[in-house]
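In: The sequence and its predicted three-dimensional model are supplied below.
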Amino acid sequence: MSRLAPIEVEKLDAEQRIVYDAVVAGPRGSVRGPVPFWLKSPGLADPAQRLGAFLRFESELPAKLRELAILVTARATTAQFEWYMHRPLAEKAGLPPAIADAIAVRAEPVFADEDEALTYALARVLCQNYGIGEALFGRGLARFGEKGMVELVGLVGYYTMVAMTLNAFGAALPEGTAPPLSS
């Protein structure tokens with residue numbers, strides 16, 4: 001259950017309404033996830049939602065790898081809503097369901113795709129250590145380049161902020177939906 005009162009569109013102030021309208025008009029198409037909470041502070045909501053839209057829809061990383069990194073972050077933070085929203089997106093982007101199944105139960109996934117394995121390793125280490133050792137960093141840099149590595153690190157950092165927002169303010173799953181992740 002949410003710890004903050006839901007937003008009422010008709011009661012948004014001018015600054016909140018600008019951000020709300022931008023989100024609805026953008027690639028997300030609706031205000032959900034962390035955005036309703038962020039709208040309590042439109043100065044935070046606006047740059048945060050723009051960064052999220054870039055990372056999710058415009059990053060040079062393939063959608064499958066972006067969604068994999070989001071799932072790793074959601075599992076690391078036990079962000080139920082984040083997992084609920086992104087697991088179907090990951091599968092739609094081509095991530096094998098067995099990989100998501102393994103991540104969900106904190107098991108080591110079996111990868112057939114080297115880019116998936118590397119993305120998983122990078123995201124997992126970032127979530128555990130808040131940094132990346134030299135050897136793994138070098139592999140990531142060789143494969144994804146500077147821009148790709150910056151975007152991958154940014155993606156994990158951004159979705160950590162999303163997870164913290166969702167968890168701290170009690171983002172509710174749709175009624176009747178069981179939490180997809182164990183503690």
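Out: Thanks, I have it.
In: Just confirm residue 64 contacts residue 95, I think it does.
Out: Yes - if you go by C-beta atoms under 8 Å, residue 64 and residue 95 touch, sitting 5.2 Å apart. For the C-beta atoms, the positions are set from N, CA and C on the backbone; glycine is no exception.
In: tell me the domain boundaries of this protein?
Out: 9-58, 63-163 (automatic domain parsing).
In: Give me the distance from the first one to the chain's centre.
Out: With C-alpha atoms, centre = their mean, to the nearest Å as the basis, the distance from the averaged C-alpha position of domain 9-58 to the chain average is 15 Å.
In: just stretch 54-67 next, same as before
Out: 10 Å.
In: what about it, how long is it end to end?
Out: 14 Å (C-alpha to C-alpha, to the nearest Å).
In: Also stretch 28-39?
Out: 15 Å.
In: can you check stretch 107-121 too?
Out: Span of stretch 107-121 from end to end, C-alpha to C-alpha: 13 Å.
In: hang on, the earlier thing: so which of the domains of the chain is nearest residue 171?
Out: Among these, the nearest to residue 171 by C-beta to C-beta is domain 63-163 (4.1 Å).
In: one step back: among residue 64 and residue 95, which residue is more densely surrounded?
Out: residue 95 (24 against 21; other C-beta atoms under 10 Å).
In: Can you tell me the SS state at residue 108?
Out: Here residue 108 is coil, with the state taken from DSSP: H, G, I helix; E, B strand; the rest coil.
In: which stretch in the domains of the chain has the least confidence?
Out: Of all those, mean pLDDT reaches its minimum on domain 9-58 (a mean of 94).
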